[in-house]
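Student: Got a predicted structure here, sequence first:
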Amino acid sequence: MTKQTILITGGTGKLGKIFSKHFADNGWKVVVTSTNIEKANELKKSIKMHENIKIFLSDLSKPNAPKELIESILDQGIEINHLVNNARSLKNLYVDDSGFSSRKDMAQEYLLDVIVPYELATNLYLLQKDALKTIINIGSQYGSVAANPHLYKDNLAHSPIQYSLAKAGVHHLTKELAVRFAKNDIRVNCVAYGGVEGRVDKDFVKRYSLLAPMGRMLTEEEVLGPIEFLLTNSSSSVTGHTIAADGGWTIW
């Protein structure tokens, strides 16, 4: 795989750390965004080749933050070849005791999951389209299907609907940007992951496994494969698509 420069938003989160560490340790120049200085420092310490990673502290939900981030990166002489839109905030996933979400949380989740990736992509396109090669959005099985009530003990009372709605928006944003950027040979795709082990208790894992064709959750190692494929010339004919990396969750 050709080693270039990749921007990974939310690079200190669960998936972001996996992506960032993998590419930095394999000689890529990795630009990471985070809102947490402690997590950013921990990430840098965990990477063998510190010179391969550059961290920008940025709250991308703030007005003009995506544009200012791209300008700051370019001001340091860095050109981005690949963008992975991975930033998220668990704070936006609150639901009340009745299972309903507030307008504020709905809007904030949509902002971070759909509007911010759009703004980052379009600013990179406007400011350095010749360097940009691929954009990968991080989606979810719940961007394609509704939440399964058999997975949750409370019958979806604490399954945030704003997450699913925003991820559905991400999946369609992928198609729209792929059409708009195709004339410049910029490919835009999405990876819709299923549940990844590590954050949930044993009872949840057991219920999840009974509902997935592969009979298990994803391992952390499995999240890299689809990203690597979409970054290479092996996927040069693939654009505008959402790859379902979900153990078969969405096929039944």
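Tutor: Perfect, I can see it now. Numbers count the residues shown, from 1 in each chain.

Student: residue ranges for the helices of the stretch 1-150 of the chain, please.
Tutor: With DSSP state H, counting those that start in this stretch as the criterion, the stretch 1-150 of the chain has helices at 14-25, 37-46, 65-75, 103-110, 116-128.

Student: most packed of those helices?
Tutor: Highest mean neighbour count of the helices of the stretch 1-150 of the chain: helix 14-25, a mean of 22 (counted as mean count of other C-beta atoms under 10 Å). Heads up, the C-betas are built off the backbone N, CA and C, glycines and all.

Student: which helices and strands sit right next to that helix?
Tutor: Packing partners of helix 14-25 (3 or more C-beta pairs under 8 Å, 6 or more residues apart in numbering; DSSP states H and E): strand 5-8, strand 29-34, helix 37-46, helix 224-231.

Student: switch to 6 Å and redo it
Tutor: Helices and strands touching helix 14-25, by 3 or more C-beta pairs under 6 Å, 6 or more residues apart in numbering; DSSP states H and E, are strand 5-8, strand 29-34.

Student: mind putting those in CSV, mean pLDDT included?
Tutor: Listed next are the helices and strands packed on helix 14-25 as CSV, based on pLDDT from 0 to 100:
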stretch, mean pLDDT
strand 5-8, 98
strand 29-34, 97
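
Student: Any idea which of these gets closest to Asn85?
Tutor: strand 5-8 (8.9 Å; C-beta to C-beta).

Student: Alpha carbons of the closest one, in CSV - could you do that?
Tutor: C-alpha atoms of strand 5-8 as CSV (Å, rounded to 0.1, in the frame of the first residue of the first chain):
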residue,chain,number,x,y,z
THR,A,5,-0.9,11.3,4.5
ILE,A,6,-4.2,10.4,6.2
LEU,A,7,-6.5,12.6,8.3
ILE,A,8,-8.5,10.7,10.9
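
Student: Give me the neighbour count for the nearest residue to Thr5 once chain neighbours are set aside.
Tutor: Leaving aside its sequence neighbours, Thr5 sits nearest to Lys29 (C-beta to C-beta, 6 or more residues apart in numbering; 4.1 Å). Residues lying near Lys29 (other C-beta atoms under 10 Å) number 19.

Student: Thanks a lot, catch you later.
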